[in-house]
Every structure is written in structure tokens, then in C-alpha cells.
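Engineer: Dropping a prediction and its sequence here:
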Amino acid sequence: EITQDPQLREKLLQALWAIPSYSLAIEPENLFSDETGIYAHAGWHGRKAERNCSLELLPMAGQQEAGFQIDAGVRMRGGSSRHPRYQKHAMRFFFRKQYGQGKLKYDLFGGDGAQAFDNFDLRCTQQYSWHHGFNPRTIYIRDQLSRDLHLAMGQTSPRGNFRHLYINGHYWGIFNTCERPEASFGEAYIG
């Protein structure tokens, strides 16, 4: 109904162009196969649950800055977001020499954020999202707001932003891109 209504269709297109998008290209069986698919088996962990892919950042309409394309590894991540009854799973991208470049070199978060990454997460704000029991208190900003406030108080905290995600050309929703506070994060911000 939304895409067929000219007035709503225009609003939808404006919303899709209002923030940048990721395009994930991956062999469908690597995600959805009953035998080898990591989306179908979101509870799998470790390197054996990592699949090669292509990740591209598509800038928003009118943005001067170019996006990027990089070959990477992808895994499912999170706790409750891995549960099979949920349709939307969180992901983690890894940048390793086995896929191409050893790091993603891009100003992913703007300003004084890190400029090179070993990995980053795409969080799906599981507890307060539409797909978690159609919660009427659905909000997407709670965790990111907390991290942003920590940064605003002069503390070290993971940076993040929101992006649309397309998987093999299909719209997958809004995700929260977020740094992972681990060794490479500490090295980038603390030394």
C-alpha cells in the first residue's frame, strides 16, 4: 500500500535516501542454506561461522563524500538477536587479508573517530524493535544515545550511526553501525 500511494511512496524514497546504506553481496547459500547458512543458523560462533562477502557503503542522496567497497567476512553476532524466532539478526564484519585488504580504511563515524577498522558491528536493537514482539515502546536510539552521551562527557566510548542495509538487493532494515570495544578499538583511541 505504501509503495503504490504516490504521496507515501515519495516519503518512503526520501527516508531511504536520508541516510547512507550498506549493500551486502553474498552467495545466498552462505546465509540461508539449511546446511551452511549463517543466517539460518545464527547461533553458530567462531571462524567456522564466518562467510566471505562484499560490503559497499552507498552515500545518501547529494552527499559529496564517496562510499567504499571492500571484500570482508561476515558473522552473526549478539545474544537474543541470534534466536531463530527473530527475523532480523545482527552482524559483524571482519576485514582480513584473506578477503583482500587487511583493514577497512574509511572515515566511518566522522570527525575524530578511528579511520581504520579490523571489524565493526551492525546491531539490530533487538530488545526495543518492531520484530521483538511488536513492542509498542519501539525505539532504535537507546544504546547509541548512551554511547554518544558518554563521548560527550569526554570519555572513551564506541562510536556509532544508523544505516539502511540491503542484502543482495533486498531491503533488510535499519541497523546501528557500531565500533567494537576490543583490542583494536583500544589501540585506536588509547594507544
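Structural biologist: Yep, it's here.

Engineer: does the spatially most central residue of the chain sit in a helix or strand, and which one?
Structural biologist: The centre of the chain sits closest to Leu122, judged by Cα atoms, centre = their mean, with a distance of 2.5 Å. Per DSSP states H and E: Leu122 is located in strand 119-123.

Engineer: Mean confidence (pLDDT) on that strand, please.
Structural biologist: For strand 119-123, mean pLDDT is 95.

Engineer: And the residue nearest to the centre of the chain, how far from Gly111?
Structural biologist: 21 Å (Cβ to Cβ, to the nearest Å). The C-beta positions use only the backbone N, C-alpha and C, and glycine is treated the same way.

Engineer: Equivalent analysis for Tyr22, please.
Structural biologist: Tyr22 sits 20 Å away from Gly111, going by Cβ to Cβ.

Engineer: what do you get for Ala18?
Structural biologist: From Ala18 across to Gly111, the span is 20 Å (Cβ to Cβ).

Engineer: Over to Ala61?
Structural biologist: Counting by Cβ to Cβ, the gap from Ala61 to Gly111 is 22 Å.

Engineer: Looking at those two, which is more packed in?
Structural biologist: Per other Cβ atoms under 10 Å, whichever of Ala61 and Gly111 has more neighbours is Ala61, with 12 against 7.

Engineer: show me what contacts the more buried one?
Structural biologist: Residues near Ala61 by Cβ atoms under 8 Å, 6 or more residues apart in numbering: Trp17, Ala18.
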